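A.B. asks: All I have is the shape, not the residue letters:
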């Protein structure tokens, strides 16, 4: 949060923003928001250590779910349109339902592709929440591997997730230390 150094920042929890928005807005308008002072990596580490393990898991999971939702909703709407088109066209309700007409087949195919992104996006943004930017690509690849290999889905989630988290956190910590020399 170095970009906020020296600026007025009002840090609060989400529930206060929902329950008392007028108070928070008035505090900012009156100029009573404190000036933020960046103290290196200390601010994020102290906030993370104060949270319980259950809250951290919940936070990371909800981050992934919030990015996954557009794919679920978009894919579901496309598949629903495919069924609607076939219903209007009078298609037989057998195994080809949803792909009987060309338009329905298009919508069902696109919806299926959108659904296929669910697990990689979920895994990618959970990993990003845990390990910041270095975790994003690793999470996407791990999620894609799990999606592609359905036979080992449960162990595939545990193994890449735990190793990726540890690896990316070490890289992130090493890159944030001040005594690391980076070639120019």
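C.D. replies: Structure's in. What do you need? Just so we're clear, the structure is a prediction, and the values are computed from it rather than from any experiment.
A.B. asks: who's in contact with stretch 65-85?
C.D. replies: Contacting residues not belonging to stretch 65-85 are listed as 97-99, 101, 103-108, 110-115, 117-118, 121-122, 124-125 [C-beta atoms under 8 Å, 6 or more residues apart in numbering]. Any C-beta I mention is one placed from the backbone N, CA and C, and that applies to glycine too.
A.B. asks: Let's see that with 10 Å instead.
C.D. replies: Contacts of stretch 65-85 from elsewhere in the structure, counted by C-beta atoms under 10 Å, 6 or more residues apart in numbering, are 91, 93, 97-126, 128-129, 143.
A.B. asks: Which residue ranges of this structure form helices?
C.D. replies: If DSSP state H is used as the criterion, the helices of the chain fall at 14-19, 21-29, 42-50, 53-89, 102-116, 118-131, 133-148, 153-176.
A.B. asks: nearest to residue 6, of those helices?
C.D. replies: When those are ranked by proximity to residue 6, the top entry is helix 42-50, at 14.4 Å, counting by C-beta to C-beta.
A.B. asks: Average the pLDDT values over that closest one and round to the nearest integer.
C.D. replies: Here the mean pLDDT over helix 42-50 is 52, rounded to a whole number.
A.B. asks: Can you give me the distance of residue 13 to residue 110?
C.D. replies: According to C-beta to C-beta, to the nearest Å, residue 13 stands 39 Å off from residue 110.
A.B. asks: who has more neighbours, the two?
C.D. replies: Neighbour count, other C-beta atoms under 10 Å: between residue 13 and residue 110, residue 110 has more, with 16 against 8.
A.B. asks: list the contacts for the more buried one?
C.D. replies: Residues counted as contacts of residue 110 (C-beta under 10 Å, 6+ apart) are 74-75, 78-79, 81-82.
A.B. asks: List the buried residues in stretch 59-66.
C.D. replies: Along stretch 59-66, these residues count as buried under the neighbour rule (16 or more other C-beta atoms under 10 Å): 60, 63-64.
A.B. asks: Measure how far that stretch is from the centre of its chain, please.
C.D. replies: Between the mean C-alpha location of stretch 59-66 and the chain-wide mean there is a distance of 5 Å, by C-alpha atoms, centre = their mean, to the nearest Å.
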